[in-house]
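Asker: compute the structure for the input listed below.
(chains A, B and C)
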Amino acid sequence: MNAVLREIRGNPLLWLLAGVPVALAGPRLWPGAHQLLFVLSVLAILPLATLLSHATESVAAKTGDMVGGLLNATLGNLTELVIALAALQAGQYMLVKASIAGAIVTNTLFMLGASFLLGGLRHHVQEFNRTSARLQAILLFLATVAILIPSAVAQADATARSGFTQSLSLALSLVLIAVYGLGMVFSLKTHREFFGSAEGSAAHGEEAPWPLGAALGTLAVVNVLVALVSEVFVESVQHAAEGFGMTPAFVGFIVVALVGGAAEMASAFSAARKDRLDMSVGIALGSASQIALFVAPVLVLLSYVLGPSPMDLQFWPGSVVMMLVATLTASFVTGSGKSAWFIGVLVLTVYVIFALTLYLLPPRG
Amino acid sequence: MNAVLREIRGNPLLWLLAGVPVALAGPRLWPGAHQLLFVLSVLAILPLATLLSHATESVAAKTGDMVGGLLNATLGNLTELVIALAALQAGQYMLVKASIAGAIVTNTLFMLGASFLLGGLRHHVQEFNRTSARLQAILLFLATVAILIPSAVAQADATARSGFTQSLSLALSLVLIAVYGLGMVFSLKTHREFFGSAEGSAAHGEEAPWPLGAALGTLAVVNVLVALVSEVFVESVQHAAEGFGMTPAFVGFIVVALVGGAAEMASAFSAARKDRLDMSVGIALGSASQIALFVAPVLVLLSYVLGPSPMDLQFWPGSVVMMLVATLTASFVTGSGKSAWFIGVLVLTVYVIFALTLYLLPPRG
Amino acid sequence: MNAVLREIRGNPLLWLLAGVPVALAGPRLWPGAHQLLFVLSVLAILPLATLLSHATESVAAKTGDMVGGLLNATLGNLTELVIALAALQAGQYMLVKASIAGAIVTNTLFMLGASFLLGGLRHHVQEFNRTSARLQAILLFLATVAILIPSAVAQADATARSGFTQSLSLALSLVLIAVYGLGMVFSLKTHREFFGSAEGSAAHGEEAPWPLGAALGTLAVVNVLVALVSEVFVESVQHAAEGFGMTPAFVGFIVVALVGGAAEMASAFSAARKDRLDMSVGIALGSASQIALFVAPVLVLLSYVLGPSPMDLQFWPGSVVMMLVATLTASFVTGSGKSAWFIGVLVLTVYVIFALTLYLLPPRG
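Answerer: Here you go, the predicted model:
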């Protein structure tokens, strides 16, 4: 446990851990103070996500490449998954879907764009491995297309009843999880050389891995804490949004996605500044693909068990457009294997415009 | 004729030819047994398509590169054209359009994806000529965009009356056929070096070409047979679909396209397994472009002569989405000039999801 | 002034300048003769645009690279801007928006396609710098996506009221102009080496630059003349279109865009024929990006001052499709760094089909 404590002392972000008990006690101490609870829960999730990410990597480092890579790939978006699960149990399917779409868009546009910008401010032109970037962009494009098909068909065909969308979403989820499994065989076993630089060398790099016991213990404890704090977050977020003048779409799409992906963003940005753009691109695109291929279908399947009613994969048309634009942008931008600061600005601009749109959009109903 | 007979004996697929007379006699023997007639006609079309394809190449091999290439390019999708003609004469325009869209989607996603998968299972990473793949992907993208414009405008603008769509489709068809002619000058005359590996060396390769007389005779006889069997197929397909629980959209899009393209698929897959992915990509993308640039406009023009009323090029919105996704996928996937088994899995996944969607889609009306 | 006169004598196109006073006097001499006035104003704008373009470059050449590049980039689409301003003041927002969309589509499809065709007729295969072409294609894609977001969201979400579209368009315009400024820092200061061949060496090349005084004087006088003639053009265009049997959409999209971009097209085509395709691609894509990043937002902002009411950026759905297809086409086509005549034919075909569609489209309302 010493290694864990040492890291907490050395990393200012982790001091926020002190806020976790406050956030958990919040709903009893200040019932109805939604805006306060919202801020407290966000501040508590950030350090927990960082701990979770480091614990996952430590376990991965200890268990050997194959099992480790598998763990890393499966638990990489654990924070997003746990937050979405809390929303799922509360039956807030609009928030669940917005957070899926938002995570894809935020990872591809914000994480990638900010990595290019931060890297580009320090290095004139940055090069990265085109072959693996392309492979990951193709994977992301196809994964995104797959989860968009129920929405596209439902929009295109007015006769598509909800029963149809529901059974298509279920069938799709099973197909996607199978493809996700094959993808793991591909990236961890048959063709690991293409993914080496991005995942192999323990994505967060610099710190020494924790001992296995400490890491597993941290993983278990922190997961429970994230789940508990997420409940506070999900309960407060709607009312808090109204208080702050934010639309629910903005909260789900932008705020939840930024909070859920904070730990990965820190890694991606630090890699970009060290001119290791391969790693940044790998984290950003890999994480987005994982949301589409794993988190989204798992949530659909779990909705049959945990939710008040089955959830489908029919997204709000505006977010379909945003997801498609985000993945097309990622494909174009990574296709050249080169980057400069202005490319980062352009990618971030698209993200800012999406955020603006969601912020200004009048709430429905 | 000996060469033709020798091939029939050597190729188990061609034993199915025995089913041709049964299929032709079917409607008299078992009137109303739609499902049986449907299966019989499919089983009869498969060997006929294989013969047709080999006869075309034999004529091409004998008449010299220029005329041969022309023949190959024009007659390459003869099976699809003949089946669509049978549907056209029966006034089943929905089936005609579904088979056009389905042929484009099946050639780009299924044929390309399965080639990548089959090739990738044998070879770790396969490389192919990026320059010609890109050229063909651009051609396919632009051809697809062109035939989608009437649908896109009609969807976008509610005031677009059917008279407008009709005259636009007619004008478009004339433009596309002119472009198709120019494309032939390009690929067979001025820039044949880019298309060399894919078409020059007799796509189906291994077998020796037949003598010219045998080939021409086969071409004539088999064409008539395909036309006759297609009539049985088109008459039985709707009722059979209901019997099998398939939607008409699924039949037109998936079943007709797979049946019509069977011969080309056999060639593409065999080339992929021999690590000649250039040829597979050339057959898949070339065949899809040909449907858009040649088969579709010819059908529009012929509908003025053969059909009960003129046919336009306004597609069902869902199939517009599918065609666009298919061509974008083909462009991304072939852009890198490299392939591995998982890319094949991903491309096939999109196809499977499309098929699932069409299978689950409630029939309209 | 001698240099200016010498050029006028040497360039047959500039003899059309004689038509400028006729066009200006037209509305008094032949009031109501809309078709005549339309033709006269088009014939007068062409030589004025050529003079404007040469004057801008002469000023640029004299003032040093930094200021010159800035001028060139800002004034490059001056003709389009002045014509659109005349339409803006007349409150013809549909014409303004059609001319923005048309300029993007015409620059990317017609200018690029014709450059490839004209260059390809003289040179077997032309190569161009992929890195800068890609960078410019990405810039164009992101700029186009940005100005399409209000339309996409408004289409996708029926609850999006016009107040929302209006405030989003305003916010967007401010963001785009800021990005445009950063883009200038990028292309003229930090990363000028990528844009060198396309803009640095005085795009129109061959002629010697005019003295600074003559150039500035020409710039001032010609600008006033273009503004005056544009008023005649905008007043006559609607009625003339009806007389010629053209839809207003066709006029705004095709005629205005071809007239406004004539001078740049002449430069792009001449560069392509000299096998300097880098320059042609740079002019075509750069000019289209500039319309999206600079002309469009400036018009939105100016509508608050000059127009009868604020203008938003919500485009007709059909033109959204056309802009997206045009930018995707440009990205694909320039991605390979190679070109041949048939690629030009294909790109032009898409443009011709768009023009056909707009020509046949029944007028609304």
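Asker: could you work out the end-to-end span of stretch A:82-96 for me?
Answerer: Stretch A:82-96 has an end-to-end distance of 11 Å (criterion: C-alpha to C-alpha, to the nearest Å).
Asker: can you check stretch A:306-315 too?
Answerer: Stretch A:306-315: ends 20 Å apart by C-alpha to C-alpha.
Asker: give the buried residues for that stretch.
Answerer: By neighbour count on 16 or more other C-beta atoms under 10 Å in any protein chain shown, the buried set for stretch A:306-315 is A:307, A:311-315. C-beta coordinates here come from the backbone N, C-alpha and C atoms, glycine included.
Asker: between those residues, which is closest to A:Ala114?
Answerer: A:Phe315 (24.6 Å; C-beta to C-beta).
Asker: could you pull up the contacting residues of the closest one?
Answerer: A:97, A:100-101, A:148, A:151, A:323 (C-beta atoms under 8 Å, 6 or more residues apart in numbering or on different chains).
Asker: OK, contacts around A:Thr329?
Answerer: Taking C-beta under 8 Å, 6+ apart, we find A:Thr329 in contact with A:108-109, A:347, A:350, C:141-142, C:145.
Asker: what ranges of the stretch 51-200 of chain A fall below the confidence cut-off?
Answerer: A:63-74, A:76, A:155-162, A:194-200 (pLDDT under 70).
Asker: got the residues of it near chain B?
Answerer: Residues of the stretch 51-200 of chain A lying close to chain B by C-beta under 8 Å from any C-beta of the partner chain are A:130-131, A:134-135, A:137-139, A:141-143, A:145-146, A:149-150, A:152-153, A:155-157, A:159-161, A:163-164, A:167-168, A:171-172, A:175-176, A:179, A:182-183, A:186, A:190-191.
Asker: return the subset of those residues lying in strands.
Answerer: Among these, DSSP state E puts none in strands.
Asker: need the buried ones from those selected in PyMOL.
Answerer: Only the buried members of these enter the following PyMOL selection, criterion being 16+ other C-beta under 10 Å:
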select buried, chain A and resi 130+134+135+137+138+139+141+142+143+145+146+149+150+152+153+155+156+157+160+164+168+171+172+175+176+179+182+183+186+191
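Asker: the residues of the stretch 51-200 of chain A next to chain B: which ones sit near chain C?
Answerer: Counting by C-beta under 8 Å from any C-beta, no member of these is near chain C.
Asker: residue of the stretch 201-350 of chain A nearest chain B, please.
Answerer: A:Ser331 (6.0 Å; C-beta to the nearest C-beta).
Asker: hang on, the earlier thing: neighbour count and distance to C:Met265 added to the contacts of A:Phe315, as a markdown table?
Answerer: Shown next, in a markdown table, are those (neighbours: other C-beta atoms under 10 Å in any protein chain shown; distance: C-beta to C-beta, whole Å):
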| residue | neighbour count | distance to C:Met265 |
| --- | --- | --- |
| A:Lys97 | 24 | 46 |
| A:Ile100 | 27 | 46 |
| A:Ala101 | 29 | 41 |
| A:Leu148 | 25 | 38 |
| A:Ser151 | 23 | 41 |
| A:Met323 | 24 | 37 |
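Asker: buried residues of stretch A:242-256, list them for me.
Answerer: Result for stretch A:242-256 [16+ other C-beta under 10 Å]: buried residues A:246-256.
Asker: tell me which residues of stretch A:290-304 come out buried.
Answerer: A:290-303.
Asker: hmm, who's touching it?
Answerer: The contact list for stretch A:290-304 (C-beta under 8 Å, 6+ apart) reads A:73-74, A:76-77, A:80-81, A:84-85, A:88, A:93, A:96, A:100, A:103-104, A:107, A:140, A:143-144, A:146-147, A:169-170, A:172-174, A:176-177, A:179-180, A:183, A:309-313.
Asker: for the stretch 151-300 of chain A, what lies in contact range of chain C?
Answerer: Checking the stretch 151-300 of chain A against chain C by C-beta under 8 Å from any C-beta, there are no hits.
Asker: helices - which of the contacts of A:Phe315 land there?
Answerer: Among the contacts of A:Phe315, DSSP state H puts A:97, A:100-101, A:148, A:151, A:323 in helices.
Asker: element containing A:Ser331?
Answerer: Secondary structure from DSSP states H and E places A:Ser331 in helix A:317-335.
Asker: okay, the angle between that helix and helix C:317-335?
Answerer: Per axes from the mean of the first three to the mean of the last three C-alpha atoms, to 10 degrees, the angle that helix A:317-335 makes with helix C:317-335 is 20 degrees.
Asker: which residues of the stretch 101-250 of chain A fall in helices?
Answerer: Assigned by DSSP state H, counting those that start in this stretch, the helices in the stretch 101-250 of chain A fall at A:112-122, A:130-156, A:162-185, A:212-244, A:248-250.
Asker: and what of the stretch 251-365 of chain A?
Answerer: Under DSSP H, counting those that start in this stretch, the stretch 251-365 of chain A gives helices at A:256-260, A:262-273, A:277-290, A:296-305, A:317-335, A:341-360.
Asker: make JSON lines out of these and add mean pLDDT and distance to A:Ser58.
Answerer: JSON lines is the format used below for these (pLDDT from 0 to 100; distance: least, C-beta to C-beta, whole Å):
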{"stretch": "helix A:256-260", "mean pLDDT": "85", "distance to A:Ser58": "21"}
{"stretch": "helix A:262-273", "mean pLDDT": "83", "distance to A:Ser58": "14"}
{"stretch": "helix A:277-290", "mean pLDDT": "86", "distance to A:Ser58": "17"}
{"stretch": "helix A:296-305", "mean pLDDT": "92", "distance to A:Ser58": "24"}
{"stretch": "helix A:317-335", "mean pLDDT": "86", "distance to A:Ser58": "30"}
{"stretch": "helix A:341-360", "mean pLDDT": "90", "distance to A:Ser58": "31"}
